[in-house]
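**Student:** Model the structure of this input:
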Amino acid sequence: MFKDVIGHEDIKQRLVRALQAGHISHAQLFAGSTGYGSLALALAFAQYIFCTGDKKEDACGECPACRKMQKLIHPDLHFVFPVVRKSGKNQTSDGYIGEWRHLLARTLYFGQEEWYAEMGVEDNAQAMIYTEESSSILRKLNLKSFESDYKIMIVWLPEKMNDECSNKLLKIIEEPFEKTLILMVSEHPEQIIRTIQSRLQRINIPPLDSEYISRQLMSREGLSKAKADEFAHVAAGDWHRAMCLLNESGEQIYNQEKFVSLMRLCWERKMPPLNEWVNEMSGLGRERQKSFLLHAVRMVRENFIRNFHIDKLNYMTEREQSFSVRFAPYVHEGNIIPLADELEKAYSDINRNGNGKIILTDLCIKVMQNIRPN
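**Tutor:** Presented below is the predicted three-dimensional model:
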């Protein structure tokens, strides 16, 4: 329901007015991080459409349709999302619908790492929306609606679709089925093929207001105002990140420890320990490697900004700040761009299934050259 979605009151009202006026686009794009509430809004909108009770500004929450939506088992609601290939497992969203519902029952604000964990992703596996999904989409949308006037398909991360699936979905969007809505939820809409982008009604989901997050943390989690303000600032409008800060994960701690050790070893130019660092990191799955590299890019940026001594521009946890006190001066105008470029290049190469050991070894050499040039 809309009342369960944090913030975005203007977008909620816009969606309600659109349905009441009967002006609903058959294909819509909710563009923004899942942590901002993009998926939560799409699901709340679907429930509002399905609701058969006395709905005004929100679904009633009590009718049979609402009760089914709360369990995500409404027969006219369909999902498409990235999955990993596993032997003996259906390679479409249907094969993982149990895991998907289990995750959404816990939270509507999550990151891709939570979805990978829910699927039990093996090392080096990467989730995609494969060609097999297009046949499943066509079959579902060809069905008559069971209980509602509308059939609704929510596509989470359409940027993960391979080209063949994208092209087949494009034909469906160009020639829509009657009373069928396709709600796409994308964190990187620029990666969706342009022909699909141009046919979607786009709804931009901005970051949440920091003051709003702070109030929610105080009321929901019982934090003091000082701590709530700190977490809200570092979260930068992302409720999922705020929850991660509240319950700091082992992966977050590990990423920071590996970043610290990488920078120290590169400064000291200690090749044998760096080789051990590479061996450890290359032994992780690709998603863990990508997670570390994203963390490293953020840390380089934050340490550079710290040199300007404008606290409101910094988004670091207490753990991260403790290292930055001494490290920040070593990230400056002369090396910020090459450092960031090399980390982003390593991320791109890992994402393209490059050899992790070779990529990370090259990264260490480049960081060494830039963090402490001869």
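**Student:** Give me the buried positions along stretch 92-104.
**Tutor:** Buried residues in stretch 92-104, counted by 16 or more other CB atoms under 10 Å: 92, 93, 94, 95, 96, 97, 99, 100, 103, 104. Bear in mind the C-beta positions are built from the backbone N, C-alpha and C, glycine included.
**Student:** which residues of the stretch 151-300 of the chain score low on pLDDT?
**Tutor:** 248-249 (pLDDT under 70).
**Student:** could you pull out the strands for it?
**Tutor:** For the stretch 151-300 of the chain, the strands defined by DSSP state E, counting those that start in this stretch occupy 151-156, 180-186, 201-204.
**Student:** Quick check: end-to-end length of stretch 113-132?
**Tutor:** One end of stretch 113-132 sits 23 Å from the other (CA to CA, to the nearest Å).
**Student:** What count of nearby residues applies to the residue nearest to residue 227 when sequence neighbours are not counted?
**Tutor:** Nearest non-adjacent residue to residue 227, counting by CB to CB, 6 or more residues apart in numbering: residue 217, 7.8 Å away. A count of nearby residues for residue 217, using other CB atoms under 10 Å, gives 25.
**Student:** My guess is residue 217 contacts residue 226. True?
**Tutor:** No: the pair residue 217 / residue 226 is not scored as a contact, 11.1 Å apart, by CB atoms under 8 Å.
**Student:** for the strands of the stretch 151-300 of the chain, which one sits closest to residue 21?
**Tutor:** Nearest of those to residue 21, taken as CB to CB: strand 201-204 at 14.0 Å.
**Student:** contact partners of that closest one?
**Tutor:** 11, 14, 15, 25, 27, 28, 29, 30, 31, 32, 41, 189 (CB atoms under 8 Å, 6 or more residues apart in numbering).
**Student:** Using pLDDT, spot the least trustworthy of the residues you listed.
**Tutor:** Within the contacts of strand 201-204, pLDDT reaches its minimum at residue 25, with 90.
**Student:** helix/strand/coil for that residue?
**Tutor:** Per DSSP: H, G, I helix; E, B strand; the rest coil, the local secondary structure of residue 25 is coil.
**Student:** Excluding chain neighbours, give the residue nearest to it in space.
**Tutor:** residue 201 (3.7 Å).
**Student:** okay, now the one you found: neighbour count?
**Tutor:** With other CB under 10 Å as criterion, residue 201 counts 12.
**Student:** OK, contacts around the residue nearest to residue 227?
**Tutor:** Residue 217 touches 223, 227, 228, 231, 232, 242, 246, counting by CB under 8 Å, 6+ apart.
**Student:** repeat for residue 7
**Tutor:** 37, 208, 209, 212.
**Student:** now residue 153
**Tutor:** Going by CB under 8 Å, 6+ apart, the list of residues near residue 153 reads 77, 78, 79, 80, 137, 140, 141, 180, 181, 182, 183.
**Student:** I'd assumed residue 155 was in contact with the second one.
**Tutor:** So that's residue 78. No: shown here, residue 78 and residue 155 do not form a contact pair, counting by CB under 8 Å, at 9.3 Å.
**Student:** Please identify which of the two sits among more neighbours.
**Tutor:** Using other CB under 10 Å, the more surrounded residue of residue 78 and residue 155 is residue 155, with 27 against 22.
**Student:** how near is the residue most central in space within the chain to residue 103?
**Tutor:** In the chain, the centroid-proximal residue (CA atoms, centre = their mean) is residue 111; its distance is 4.3 Å. Distance, residue 111 to residue 103, by CB to CB, to the nearest Å: 11 Å.
**Student:** Ok, residue 18 next?
**Tutor:** With CB to CB as the criterion, residue 18 and residue 103 are 28 Å apart.
**Student:** And for residue 222?
**Tutor:** 25 Å.
**Student:** Okay, and the beta partners of the residue nearest to residue 39 when sequence neighbours are not counted?
**Tutor:** Of all residues not flanking residue 39 in the chain, residue 185 sits nearest, at 4.9 Å (CB to CB, 6+ apart). Going by DSSP bridges, residue 185 is paired in beta bridges with residue 30, residue 156.
**Student:** Run a quick neighbour tally on residue 185.
**Tutor:** 25.
**Student:** need the contact list for it.
**Tutor:** So residue 185 contacts 30, 34, 38, 39, 42, 154, 155, 156, 157, 158 (CB under 8 Å, 6+ apart).
**Student:** Of these, which is the nearest to residue 172?
**Tutor:** residue 155 (10.9 Å).
**Student:** contacts for stretch 14-23?
**Tutor:** 2, 24, 41, 45, 48, 49, 57, 58, 203.
**Student:** one more time with 6 Å
**Tutor:** 24, 45, 57 (CB atoms under 6 Å, 6 or more residues apart in numbering).
**Student:** just how off-centre is that stretch within its chain?
**Tutor:** Distance of stretch 14-23 from the chain centroid (CA atoms, centre = their mean, to the nearest Å) equals 27 Å.
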